[in-house]
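Enquirer: The sequence isn't on hand, but the structure is:
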DNA sequence: ACAAAAGTGTTAGAATTACACCCATGG
DNA sequence: CCATGGGTGTAATTCTAACACTTTTGT
């Protein structure tokens, strides 16, 4: 039977204390003119992940990003005309690199416009996954530039989890984890200069496997 | 481009202190004669989940089972002839109902024969997911009959996690969770009769959302 | 009476949580 | 000199993990 397989991408970033996703405007029917998340039809000789990376690069020019398969959506009525099964991925783009993305596609996840297909549901599902992932992995670091302050890191956690965290407990925990390297550099944007840190763990490390959990 | 979409099923059960998966023998090429996990090509008007349920019923005659999407595998070389993207699901079949499955397809996950395609990898991935799921959900209960003893429940946990648990701590935790209803029935298979319990939580409840975690 | 599995509490250590003040800088 | 965000420690509580003996039954 004739089925089209696509890969759709929920690309997250955090900016100005808000979790944002990258949307693009549909130029074809159906849903012409509506916003949607970026997607591609997979090619003959590429894997699902390769297709996701290809689309990621096309939309953001970004390489080396955190990218993870989210879920596959295959309801026969999700596309009004054809039968399209989509394998959704989500990606985390550091704030500094998100600024370089051309166009103006970043939308606050709390203020999404009507979207094409079931893309709203896909985004909702991705947010849920991201929240969970934050607690037992180092995904949060993938949303920050290479060098960042502890306040910036905490702000990412607070934004995604949607709640305030205690500054001292947060820092204590980060110290314990031993995945941050303090640099001899300070950021002088606010009043008192803030120390910069680098993430030094492995990119996709599961902290749970080491018996470590973020207790937030 | 022409792609076939299938749904493959990793069906788990626990029997005689071993985690088992249901395998079937391939009757068609390629890999004719090898064992594989059950799979179906999706039909025009069914969703992915419906296809998974259809195959589940076909193989086990079981309804009302725990079924969850696992991951989608789409490497262009995973099928030697065609391009096949498979959406893998995994299911948990209670021990008593697993005995009623015709044929002799249950294999210990520690002693898997060579499998067709990338099915070995799919099973390995499903095991990993199941282990994780056990810790923050009530998935473990789905592998037991409606009524069960605490020792049987503990055995399921020990089997899947691959390690011994402390009996008193295990029971203390189960008490705290308040998801077990003690019955006025006892099982008289061993020496001292063991009290039977029923699971009374919601089927797919995420205990984490209630701030509850299995600490094993 | 003995073997086998059922059942039951306590305690030490670890992790989590709540909480308040001083510091360095720019304006 | 003051407003702003950076930075730091302790104590109470909760959770986890280690540990051994008694009970009940069938043989």
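Expert: Received, thanks. On a predicted model such as this, the values are computed, not experimentally measured, just so you know. Numbers count the residues shown, from 1 in each chain, chains lettered A, B, ... in the order given.
Enquirer: So which residues of chain A form strands?
Expert: A:4-15, A:18-22, A:24-25, A:35-36, A:39-41, A:66-73, A:84-92, A:106-108, A:147-149, A:180-187, A:194-199 (DSSP state E).
Enquirer: The fifth one close to chain B?
Expert: This means strand A:39-41. Yes: Strand A:39-41 lies within reach of chain B by Cβ under 8 Å from any Cβ of the partner chain, at residue A:41. To be clear about C-beta, it is placed using only N, CA and C from the backbone, and glycine gets the same treatment.
Enquirer: in that strand, what counts as buried?
Expert: Residues A:39-40 are the ones in strand A:39-41 that count as buried (16 or more other Cβ atoms under 10 Å in any protein chain shown).
Enquirer: domains of chain A?
Expert: Split into domains by automatic domain parsing, chain A comes to A:3-115, A:139-209.
Enquirer: Could you dump the strands of chain A into CSV with mean pLDDT added?
Expert: Shown next, in CSV, are those (pLDDT from 0 to 100):
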stretch, mean pLDDT
strand A:4-15, 97
strand A:18-22, 97
strand A:24-25, 97
strand A:35-36, 98
strand A:39-41, 98
strand A:66-73, 97
strand A:84-92, 98
strand A:106-108, 98
strand A:147-149, 97
strand A:180-187, 96
strand A:194-199, 96
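Enquirer: Please name whichever of those strands is nearest to residue B:114.
Expert: strand A:66-73 (26.2 Å; Cβ to Cβ).
Enquirer: Pairing partners for the closest one, with directions?
Expert: Strand pairing for strand A:66-73, using DSSP bridges, gives strand A:84-92 (antiparallel).
Enquirer: in the strand it pairs with, what's buried?
Expert: By neighbour count on 16+ other Cβ under 10 Å, the buried set for strand A:84-92 is A:84-92.
Enquirer: rewinding a little: of the domains of chain A, which stretch is the most buried?
Expert: Neighbour counts (mean count of other Cβ atoms under 10 Å in any protein chain shown) averaged over each of the domains of chain A peak at domain A:3-115, with a mean of 18.
Enquirer: Could you pull up the residues touching residue A:58?
Expert: A:38, A:40 (Cβ atoms under 8 Å, 6 or more residues apart in numbering or on different chains).
Enquirer: my guess is residue A:5 meets residue B:3, correct?
Expert: Yes: under the criterion of Cβ atoms under 8 Å, residue A:5 makes contact with residue B:3 at 4.9 Å.
Enquirer: Which neighbours do the two have in common?
Expert: Common neighbours of residue A:5 and residue B:3 (Cβ under 8 Å, 6+ apart) are A:42, B:85.
Enquirer: related to what we said a few turns ago, in a markdown table, list the domains of chain A along with distance to residue B:191.
Expert: Output for those, formatted as a markdown table (distance: least, Cβ to Cβ, whole Å):
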| stretch | distance to residue B:191 |
| --- | --- |
| domain A:3-115 | 48 |
| domain A:139-209 | 39 |
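Enquirer: Contact partners for residue A:60?
Expert: Going by Cβ under 8 Å, 6+ apart, the list of residues near residue A:60 reads A:11, A:22, A:93, A:97-98, A:100-101.
Enquirer: That one and residue A:93, how far apart?
Expert: According to Cβ to Cβ, to the nearest Å, residue A:60 stands 6 Å off from residue A:93.
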